[in-house]
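Asks: sequence plus predicted model, see below.
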Amino acid sequence: MKIIIIGGGFAGCQAAIQARKMGAEVDILERTDMLLGVGNVGGIMRNNGRFTAAEELSFLGAGELIDIMDSLALHTNIDFSGHKHANLTDIGKAEPEIRRYILSLGINIHFKSRAINVTLDNKYVKKIKLADNSFIEADAFIETTGSTGPMLNCNRYGNGCSMCVLRCPTFGGRESLSAKAGVEDIIGERSNGTPGAMSGSCELPRESLSEDILNLLDKYGVAILPVPKEDINLDKLSQKVCQQYALKDFAENVILLDTGHIKLMTSYYPLDKLRKIPGLENARYIDPLSGGISNSIRYLSSSPRDNTMRILGLNNMFCAGEKSGFFVGHTEAMVTGALAGYNAVKYTLNEPLLILPRELSIGDIIAFANETLNMENGKSLRHTFSGGEYFERMKKLNLYTTDKKLILKRVNSLSLLNIFNK
C-alpha cells in the first residue's frame with residue numbers, strides 16, 4: 001500500500017503517522033522546508049474542550065503528537081481570558097522533534113515539493129504532478145494543504161501579503177488539488193459575508209520585551225496589558241479566524257502568552273500603537289513580519305467530504321485539517337488527520353471505513369462541521385474544542401470533561417479503545 005500526504009502540517013503529520021502504523025508506505029509532500037505549516041506559530045494545547053479531545057484521541061490510540069506537545073510544555077494548567085487549564089508549548093522545538101519522530105517511523109518526507117495538479121481516471125486520482133514536472137503515484141491520497149494562500153488571496157481579502165511563516169513568495173502558493181480534480185472548494189466567510197478570515201495571532205521576540213513583562217511571562221505564562229482607551233478596536237474581533245478569542249478582553253487588553261516566542265493574541269496591531277504600551281516600547285514582529293498591518297487570510301478552500309474524511313466525488317482522496325472544514329487548532333488538525341490516515345489505509349484494503357461516533361467530541365465535531373454548512377451563516381462558523389459555538393455545544397451535550405477515567409470509560413464503551421493501533 002502506498003499513501004501520499006499532500007501538506008506537512010499537524011493534520012498531514014498525524015495522517016502520515018497513522019497510515020504508517022497500519023503498514024502503508026507513506027510519503028509526505030511539503031512545499032516549504034519545514035513541517036507543521038501555520039502550526040509553527042501556535043502552541044496552545046489542552047485549553048477548554050481540547051483537553052477532552054486530546055484524551056479521546058489518545059485513548060483511541062493516536063496520541064503520538066499529543067504526547068510530543070505535552071513533553072514540550074513550558075507552562076501547564078494555565079488560565080487566561082475565556083480559557084482554562086491550557087498548556088503553553090515551546091512551539092519552536094515542536095517541528096524538529098516531530099520531524100525526527102516521523103523520520104524514525106520510515107516515513108518519506110519530500111521538502112520543497114509543491115503539488116500543483118492531479119491525473120484522474122474516472123473518479124480515481126492516479127498521480128500527483130509536482131512543480132518540477134515530475135509525478136508521484138499512490139493507492140490513496142490525503143490532502144492536508146490547509147486553506148491559507150496563495151498571496152493573491154491575502155491581497156484580495158486581507159491587507160496584503162503579511163510575509164507569514166508559509167512564505168509563499170519563496171516556495172510558491174498553496175494549490176487546491178481537490179479543485180484541480182474538479183471538486184469545487186467551499187469558501188468560508190466572515191459575519192459580513194467577506195470571504196475568508198484573518199489569522200488570529202502574531203509572534204514577538206522575547207528580547208524585544210521589557211524585563212518586567214518577561215518576568216511575568218516566565219512566572220505565569222501570560223501577561224495582560226491594558227490598551228489605551230483611544231486605541232481599543234472592538235470591530236477587529238469579527239475579522240479573526242479564532243472566534244474563541246473574539247472576546248472583549250482581547251480588544252481592551254494586549255494578551256501575551258509564552259510559547260517560546262511571545263504570542264500576541266490579536267490578528268494584527270499597529271506597531272506605533274503597540275509601542276505606546278509600557279514594557280513594549282521596543283517590540284517588533286517576527287511572524288508575520290508585517291504583523292503591524294495584516295495577517296494571513298484563511299478558510300478559502302475547504303473540500304466537501306463525508307464523515308470518513310473522504311472527499312465527495314473522489315474515490316481515493318481524503319482530506320484533513322483546514323482542508324476538511326473550518327477547524328481551528330493543532331488538536332483539531334490531529335483529530336481529522338488520524339481519521340483520514342486510518343480510512344485511507346482501510347480503503348486500500350477494501351475494508352469498511354470508520355465513522356467516529358458522536359458520543360465522542362471528536363466524532364461530533366467532524367459531523368457537526370458538515371451539518372453547519374447547510375445552516376444560515378454556517379460558513380462563518382469556526383469549529384474548535386477551545387471556544388466559540390462548538391465549545392458551548394460540547395458543554396450542552398455533556399461531552400466536555402477533564403475526568404480522564406470518564407473519557408476512558410466512554411471510549412471503551414464504544415469498543416474503540418486503541419482502534420487506531422489495530
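Replies: Great, that's in hand.
Asks: find the centremost residue of the protein, please.
Replies: residue 329 (4.0 Å; CA atoms, centre = their mean).
Asks: just checking, that residue touches residue 46?
Replies: No. Counting by CB atoms under 8 Å, residue 329 stays clear of residue 46, with 10.7 Å between them. Placement of C-beta: from N, CA and C, glycine included.
Asks: quick one, strands of the stretch 51-200 of the chain?
Replies: 73-80, 83-89, 108-111, 115-121, 124-130, 135-137, 140-143, 197-198 (DSSP state E, counting those that start in this stretch).
Asks: just the mean pLDDT for the shortest one, thanks.
Replies: Going back to what we said before, that points to strand 197-198. The pLDDT scores in strand 197-198 average 89.
Asks: helices or strands up against it?
Replies: Contacts defined by 3 or more CB pairs under 8 Å, 6 or more residues apart in numbering; DSSP states H and E place strand 197-198 against strand 297-298.
Asks: so who does the nearest residue to residue 292 once chain neighbours are set aside touch?
Replies: Nearest residue to residue 292, sequence neighbours excluded (CB to CB, 6 or more residues apart in numbering): residue 271, at 3.7 Å. In this structure, residue 271 makes contact with 283-285, 292, judged by CB atoms under 8 Å, 6 or more residues apart in numbering.
Asks: so which of the residues you listed is the most crowded?
Replies: Using other CB atoms under 10 Å as the neighbour test, the contacts of residue 271 are led by residue 283, with 24 neighbours.
Asks: what about it, is that helix, strand or coil?
Replies: At residue 283 the chain is in coil, as set by DSSP: H, G, I helix; E, B strand; the rest coil.
Asks: what's near enough to touch it?
Replies: By CB under 8 Å, 6+ apart, the contact set of residue 283 is 204, 208-209, 271, 274-275.
Asks: let's see that with 7 Å instead.
Replies: 204, 208-209, 274-275 (CB atoms under 7 Å, 6 or more residues apart in numbering).
Asks: sorry, back to before: so which of the contacts of residue 271 comes closest to residue 417?
Replies: Checking the contacts of residue 271 against residue 417 by CB to CB gives residue 285 as the nearest, at 45.0 Å.
Asks: now that closest one: closest residue in space, sequence neighbours ignored.
Replies: Closest to residue 285 by CB to CB, 6+ apart is residue 291, at 3.6 Å.
Asks: and residue 217, by the same measure?
Replies: residue 258 (4.2 Å).
Asks: thinking the one you found is in contact with residue 88, fair?
Replies: Yes. Taking contacts as CB atoms under 7 Å, residue 258 lies within contact range of residue 88: 5.7 Å.
Asks: mutual contacts of the two, please.
Replies: Shared contacts of residue 258 and residue 88, counting by CB under 7 Å, 6+ apart, come down to 74-75, 221.
Asks: between those residues, which is nearest residue 106?
Replies: Nearest to residue 106 among the shared contacts of residue 258 and residue 88: residue 74, at 30.9 Å, using CB to CB.
Asks: follow-up on the earlier one: redo the strands of the stretch 51-200 of the chain as CSV? Include mean neighbour count and distance to residue 368.
Replies: Listed next are the strands of the stretch 51-200 of the chain as CSV, based on neighbours: other CB atoms under 10 Å; distance: least, CB to CB, whole Å:
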stretch, mean neighbour count, distance to residue 368
strand 73-80, 17, 26
strand 83-89, 21, 21
strand 108-111, 16, 33
strand 115-121, 17, 29
strand 124-130, 19, 28
strand 135-137, 14, 34
strand 140-143, 32, 21
strand 197-198, 28, 18
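Asks: these into TSV, with extra columns for distance to residue 52?
Replies: What follows is those, written out as TSV (distance: least, CB to CB, whole Å):
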stretch	distance to residue 52
strand 73-80	15
strand 83-89	11
strand 108-111	31
strand 115-121	34
strand 124-130	35
strand 135-137	38
strand 140-143	25
strand 197-198	25
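Asks: residue 26 is nearest to which of these?
Replies: That would be strand 108-111 among the strands of the stretch 51-200 of the chain, by CB to CB, at 6.9 Å.
Asks: just the ones of the contacts of residue 283 in strands?
Replies: residue 204 (DSSP state E).
Asks: put the buried members of the contacts of residue 283 into a ChimeraX selection.
Replies: In ChimeraX, a selection of the buried entries from those looks like this (16 or more other CB atoms under 10 Å):
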select :204,208,209,274
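Asks: can you lay out the contacts of residue 283 as a markdown table showing distance to residue 217 and pLDDT?
Replies: Output for those, formatted as a markdown table (distance: CB to CB, whole Å; pLDDT from 0 to 100):
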| residue | distance to residue 217 | pLDDT |
| --- | --- | --- |
| 204 | 11 | 97 |
| 208 | 13 | 97 |
| 209 | 8 | 98 |
| 274 | 16 | 95 |
| 275 | 18 | 96 |
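Asks: residue 420: which of the contacts of residue 283 is nearest?
Replies: residue 204 (37.3 Å).
Asks: report the contact partners of the closest one.
Replies: 261-262, 264, 283-286.
Asks: low-confidence stretches in this structure?
Replies: For the chain, residues meeting the criterion pLDDT under 70 lie at 232, 234-247.
Asks: sticking with the spatially closest residue to residue 414 that is not a sequence neighbour, tell me its helix or strand.
Replies: Leaving out its chain neighbours, the residue that sits closest to residue 414 by CB to CB, 6+ apart is residue 357, at 5.6 Å. Assigned by DSSP states H and E, residue 357 belongs to neither a helix nor a strand.
Asks: I'd say residue 357 and residue 363 touch.
Replies: Yes. With contact defined as CB under 7 Å, residue 357 and residue 363 form a contacting pair (4.9 Å).
Asks: what's around residue 72, how many residues?
Replies: When neighbours are defined as other CB under 10 Å, residue 72 has 21 of them.
Asks: before we move on, what about residue 102?
Replies: Residue 102, neighbours per other CB under 10 Å, totals 24.
Asks: residue contacts, it?
Replies: By CB under 7 Å, 6+ apart, the neighbours of residue 102 are 13, 16-17, 109.
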